[in-house]
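>>> Next one to model:
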Amino acid sequence: MIVKRFDTRPSMARAAAAHAALAIRQAVAARGRARIVVATGASQIEFLQALTADPSVDWARVALFHLDEYVGLPITHPASFRKYILERVIRPVSLSDYLLLDGEGDPAEVCRQAGAAIAASPVDVAFVGIGENGHLAFNDPPADFVTEEPYLVVQLDEACRRQQVGEGWFASVAEVPASAISMSVRQILKAREIICVVPDARKAVPVKAALEGPVTPDVPASALREHANVTVYLDADSAALLEADALARFAPPVA
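Residues are numbered from 1 along each chain as shown. Prediction:
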């Protein structure tokens, strides 16, 4: 695992986007197409803005999957991850090859169809974040580290649902759906490369737990340490609680 700390959130986002664009270009050069997984949420907005503005990416050769979606939430709802990706990735770059999780469909069938599609060929690069409760995608603690199913229906814990309210997607916890469709931990780890973008002070505790604590289902994002090609992008706030000796092993701060 490589961890890169930046002084500011914008500089972190730009660097992560440049890395992501390079990973996509390399996949296209090697295999003719790039298969990517895109995360959503407030923490990914600046990163995705920078990535979609990069003219070096040939989006006509990109196939997109996404990590998760609320069960029962219409695509018109402000919190819909389908809406998020359509507005922030698909439409800005006129992407034509994508599979979005239908939160209004039968969850088991959505998992089956999306799982078959993503399992058809390896994912080149997955973009992920870390939740306030340490979740990876919507795999809340204790996460299933065993299942090989690409997608599964999960129950959202209280901390996860509070995060969605805190980020402004819902007015109250009662409005947040209790369940979601999520890419499994094992499926995320099957990507050839993972780029993890984690800004903000409210992520400092889970970042410390994921990077310095044990690899455990109680901290789902700790599973990233089992992958051979992961780069974690932090700003000064999200890296604030990391031990000095750990920071010494990371890339030096960048303005």
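
>>> phi, psi of Val205?
The phi/psi pair for Val205 (degrees, to the nearest 10) reads phi -70, psi -50.

>>> Grab the nearest non-local neighbour of it.
Leu241 (6.6 Å; CB to CB, 6 or more residues apart in numbering). Backbone N, C-alpha and C define where each C-beta goes, glycine included.

>>> CA atoms only for the helix or strand harbouring Ile85, dumped as CSV, please.
Here Ile85 sits within helix 81-85, counting by DSSP states H and E. In CSV, the C-alpha atoms belonging to helix 81-85 read as follows (Å, rounded to 0.1, in the frame of the first residue of the first chain):
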residue,chain,number,x,y,z
PHE,A,81,-25.9,7.2,-6.5
ARG,A,82,-27.2,6.6,-10.1
LYS,A,83,-28.1,10.2,-10.3
TYR,A,84,-24.8,11.2,-8.8
ILE,A,85,-22.8,9.2,-11.4
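
>>> Sort out which residues of stretch 65-83 are buried, please.
65-71, 73, 77, 79-83 (16 or more other CB atoms under 10 Å).

>>> Which of those residues lies at the shortest distance from Val128?
Nearest to Val128 among those: Leu67, at 6.9 Å, using CB to CB.

>>> Help me confirm that the closest one comes into contact with Ala39.
Yes: contact criterion CB atoms under 8 Å: Leu67 and Ala39 qualify, at 5.3 Å.

>>> what's the overlap in contacts for those two?
Taking CB atoms under 8 Å, 6 or more residues apart in numbering as the contact rule, Leu67 and Ala39 both touch Val128, Ala137.

>>> hang on, the earlier thing: farthest-apart pair in the buried residues of stretch 65-83, please.
For those, with distances taken as CB to CB, the pair at the greatest spread is Phe65 and His77 (20.6 Å).

>>> ok, back up a step: can you classify the residue nearest to Val205 by secondary structure?
Assigned with DSSP: H, G, I helix; E, B strand; the rest coil, Leu241 falls in the coil class.

>>> give me the number of residues near it?
17 (other CB atoms under 10 Å).

>>> That one contacts Ala209, doesn't it?
No: Leu241 lies out of contact with Ala209 (CB under 8 Å); the separation is 9.2 Å.

>>> Next up, the contacts around Asp102.
Counting by CB under 8 Å, 6+ apart, Asp102 has contacts Glu69, Arg82, Val110.

>>> I'd guess His19 is in a helix, am I close?
Yes: per three-state DSSP, His19 lies within a helix segment.

>>> which residues in the stretch 151-255 of the chain form strands?
Secondary structure of the stretch 151-255 of the chain (DSSP state E, counting those that start in this stretch): strands located at 151-155, 179-183, 193-198, 230-235, 251-254.

>>> and Gln26, which of these is closest to it?
Comparing those by their distance to Gln26 (CB to CB), the top pick is strand 193-198, with 9.0 Å.
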